[in-house]
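Novice: Model the structure of this input:
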Amino acid sequence: MNAVEQILAVQPFMVLDGAFGSELALRGFDTNDALWSARALVDAPDLVKAVHRDYYAAGADVCTSASYQATIEGFVRKGFSAREAAGLIARSVELLKEVRDEFVALRSSQNLPSPLAAASIGPYGAYLADGSEYTGEYRLGVSGLREFHRERIGVLAQAAPDLFAVETIPLLEEAVAVMLELEKFPQIPAWVSFSCRDGRTTCGGDDIADCAQALSRNPQVAAIGVNCTDPRFVEELICVIRMACDKPVVVYPNRGEQYDPLTKTWSGGAESFAQYVESWYRAGARLIGGCCRTGPEDIAQVAQMRGRLGY
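Specialist: Got it, this is the predicted structure:
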């Protein structure tokens, strides 16, 4: 069994962590940078660990590294050498694993599975830092996307995470490109989650059912789903994905506010995030967490909801 299957064998669903960049900002770190949260790997590694620690303490079974927007090209563009860039990307996993290991004994004493460390792989649009991860308006093709992701994936794999989190992907062709590179490291499973603009369509215009079907035959894919998506669309997306494939479904949507990628601001109110959890579970989600604007308190509510469901 892969790492995801091992936890799902003893838990009804896995609890994921929540937002990283917005949580850094709430704690006073300036993320107004092309590197976004990856900048904290340089300037605030202790803060990176503190955020991870709070999510594990809230009940997360798995946390993701601060590498979503960490790329060789991005760090080089900010004046780092390629070697320094690779070191910082690897450090994102090392920091996460250090915190993960703090919770292994605690989880064992509670008869819970050991926590996991997932290496985050964000889309090409995250490197561009122009909001195009929400549109998919970069047509590099599979070969160009493979070339972009190749070196970073190699660095992350060498850092030995428990699994990969391929996330906020707007295009099926980018998911295919990433998985082709990940096949070089078959011992590390991956979940793949797409950003979606409604209950059936990715932000790049692909049918989520087609995405699920295309990835369902890959044995390295441990779960398929959505993140960085309006929570109102998630239940329908779960149903569509479940009809298309038999992989576990992963969901970690935004808290509910609306994001403007041009001004990089949020607007509107958010309902209680935890109110959705039971309906997502009943619809078939088996990995549940949060994305933008969610925090440790939201993840604690997800974990508590799992307890109230009788587990």
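Novice: what about the helices in the stretch 101-250 of the chain?
Specialist: 104-109, 124-128, 141-158, 172-182, 208-216, 234-244 (DSSP state H, counting those that start in this stretch).
Novice: Which other helices and strands does the third one contact?
Specialist: In this case it means helix 141-158. Other helices and strands packing on helix 141-158, by 3 or more CB pairs under 8 Å, 6 or more residues apart in numbering; DSSP states H and E, are helix 72-77, helix 82-102, strand 116-121, helix 124-128, helix 172-182. Heads up, the C-betas are built off the backbone N, CA and C, glycines and all.
Novice: Tell me which of those sits most buried.
Specialist: strand 116-121 (a mean of 26; mean count of other CB atoms under 10 Å).
Novice: Which neighbours in the sheet does it have, and how are they oriented?
Specialist: strand 62-64 (parallel), strand 163-169 (parallel) (DSSP bridges).
Novice: and the helices of the stretch 101-250 of the chain as a markdown table, adding distance to E73?
Specialist: Converted to a markdown table, the helices of the stretch 101-250 of the chain look like this (distance: least, CB to CB, whole Å):
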| stretch | distance to E73 |
| --- | --- |
| helix 104-109 | 35 |
| helix 124-128 | 6 |
| helix 141-158 | 8 |
| helix 172-182 | 15 |
| helix 208-216 | 26 |
| helix 234-244 | 31 |
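Novice: can you list those in TSV and add distance to V166 and mean pLDDT?
Specialist: Formatted as TSV, the helices of the stretch 101-250 of the chain follow (distance: least, CB to CB, whole Å; pLDDT from 0 to 100):
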stretch	distance to V166	mean pLDDT
helix 104-109	25	90
helix 124-128	12	93
helix 141-158	9	98
helix 172-182	5	98
helix 208-216	10	99
helix 234-244	15	99
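Novice: Q187 versus V178, what's the distance?
Specialist: In this view, V178 and Q187 are 17 Å apart by CB to CB, to the nearest Å.
Novice: where does this protein have low pLDDT?
Specialist: 257-271, 310-311 (pLDDT under 70).
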